[in-house]
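**Student:** this is a predicted model, with the sequence first.
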Amino acid sequence: MKIRFGYVANALGLWDASPSKALTFSRYSLLPKSERLEKLKAITALNLQHTARILHYNIAHEIKLYRLSSSLVPLATHPEVMWDFITPLKKEWEELGQLIKKFQLRASFHPNQFTLFTSPKEEVTWNAVKDMEYHYNMLKAMNILDTGLINIHIGGAYGNKEQALSKFHDNLRKLPGEIKNRMTLENDDKTYNIEETLIVCEKEQVPMVLDYHHFMANRNHLELPYYLQRIFNTWNHFHSIPKVHISSPKSDQAYRSHADFVSIDFIMPFLQMAKELNQDFDIMIEAKQKNLAMLKLVEEIAKIRGVKRISGASVEW
């Protein structure tokens with residue numbers, strides 16, 4: 001069983017390398033109209049440049065898994081802006097994609113919690129479609145539609161979970177098929193547990209990303225070994241190995257919050273379960289210390305008897 005590890009957005013330790021530099025609509029509105037587009041392009045170009053630096057860091061450290069920042073483009077979906085962020089930066093987008101393809105990196109996006117398809121309000125659904133289109137267009141600009149993924153949660157329950165799930169299936173039909181084909185769904189820490197998320201994934205033929213921390217926070221007496229193989233099986237038609245999100249609680253009082261690093265004691269029961277299946281999979285680390293937490297965890301797992309570190313960010317068990 002081989003496990004590859006990755007992290008989210010920013011490589012800590014690289015100087016001034018945030019890929020999420022922003023421009024608020026308030027600030028944008030104060031600029032002279034003749035300067036607005038240039039400001040948007042300059043910030044986006046900087047975010048893409050920083051992303052390239054991070055990808056080079058990942059390549060140097062043999063980190064195959066990486067979640068791109070959803071904030072690469074300021075005001076990309078704002079109704080009063082909606083600018084063309086691809087054409088003027090075509091070369092920069094393509095260079096990112098070339099790096100990802102050449103070094104066989106597994107890149108993904110994770111839109112924010114407002115990108116959901118369970119709302120009874122039509123404008124919320126159309127905003128979700130618009131946000132998914134934004135992420136899809138970034139994958140397309142990088143020419144990585146064959147491997148890039150967009151991961152979201154099911155959404156809220158609005159006081160009636162059965163009705164909300166029915167609404168999810170209805171609203172998802174508004175998402176263009178080519179975008180849905182790049183979508184994955186993740187169980188959450190409050191509302192939709194692993195069983196409910198898995199049933200939706202199986203019905204919609206969408207791969208499921210297991211979040212182990214969320215499972216522990218929203219367990220509902222469910223036993224993960226009973227579901228794990230089914231969760232992994234949702235990736236079969238995708239011709240891609242399963243992906244899992246890993247983090248650990250900040251404290252008993254702030255159980256749902258992510259800690260700076262990952263507690264190996266917290267995740268060990270999951271690793272033992274996965275070992276029983278003897279199937280390769282990828283782990284995305286969602287700890288606050290990002291790449292530093294990931295590298296620390298890889299070192300700790302590599303010390304387990306029977307585990308061999310086979311690259312900077314992968315092990316064989």
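**Tutor:** Here it is on my side, so go on. Numbering: from 1, shown residues only.

**Student:** nearest residue to the residue positioned nearest the centre of the chain in space, ignoring adjacent ones along the chain?
**Tutor:** Centroid-nearest residue in the chain, with CA atoms, centre = their mean: residue 110, separated by 3.6 Å. The shortest distance from residue 110 to any non-neighbouring residue, by CB to CB, 6 or more residues apart in numbering, is to residue 151 (4.8 Å). Yep, even glycine has a C-beta here, placed from its N, CA and C like the rest.

**Student:** assign the one you found to helix, strand or coil.
**Tutor:** The three-state label given to residue 151 by DSSP: H, G, I helix; E, B strand; the rest coil is strand.

**Student:** same question for stretch 195-209, mean pLDDT?
**Tutor:** Average pLDDT, stretch 195-209: 98.

**Student:** check which helices and strands the helix or strand that contains residue 51 sits against.
**Tutor:** Following DSSP states H and E, one finds residue 51 within helix 33-60. Secondary-structure packing of helix 33-60 (3 or more CB pairs under 8 Å, 6 or more residues apart in numbering; DSSP states H and E): helix 25-30, strand 65-67, helix 90-102.

**Student:** skipping its backbone neighbours, what lies nearest residue 73 in space?
**Tutor:** Residue 73 sits nearest to residue 85 (CB to CB, 6+ apart), 4.5 Å away.

**Student:** now do that neighbour, the pLDDT please.
**Tutor:** pLDDT, residue 85: 98.

**Student:** from residue 231, how far out is residue 250?
**Tutor:** In this structure, residue 250 and residue 231 are 25 Å apart, going by CB to CB, to the nearest Å.

**Student:** if we can go back for a sec, now do the contacts for the residue nearest to residue 110.
**Tutor:** Listed by CB atoms under 8 Å, 6 or more residues apart in numbering, the contact set of residue 151 reads 108, 109, 110, 111, 183, 184, 185, 186, 209.

**Student:** give me the phi and psi for the fifth one.
**Tutor:** Same thing as residue 183. Backbone torsions of residue 183, given as degrees, to the nearest 10, read phi -100, psi 140.

**Student:** what is the burial count for it?
**Tutor:** 19 (other CB atoms under 10 Å).

**Student:** tell me what it is bridged to.
**Tutor:** Note on residue 183: beta-bridge partners by DSSP bridges are residue 150.

**Student:** I'd say it and residue 149 touch.
**Tutor:** Yes - the pair residue 183 / residue 149 is scored as a contact, 7.4 Å apart, by CB atoms under 8 Å.

**Student:** the helices in the stretch 101-250 of the chain, which residues?
**Tutor:** Under the criterion DSSP state H, counting those that start in this stretch, the stretch 101-250 of the chain carries helices at the ranges 122-141, 161-172, 177-180, 194-204, 212-217, 224-233.
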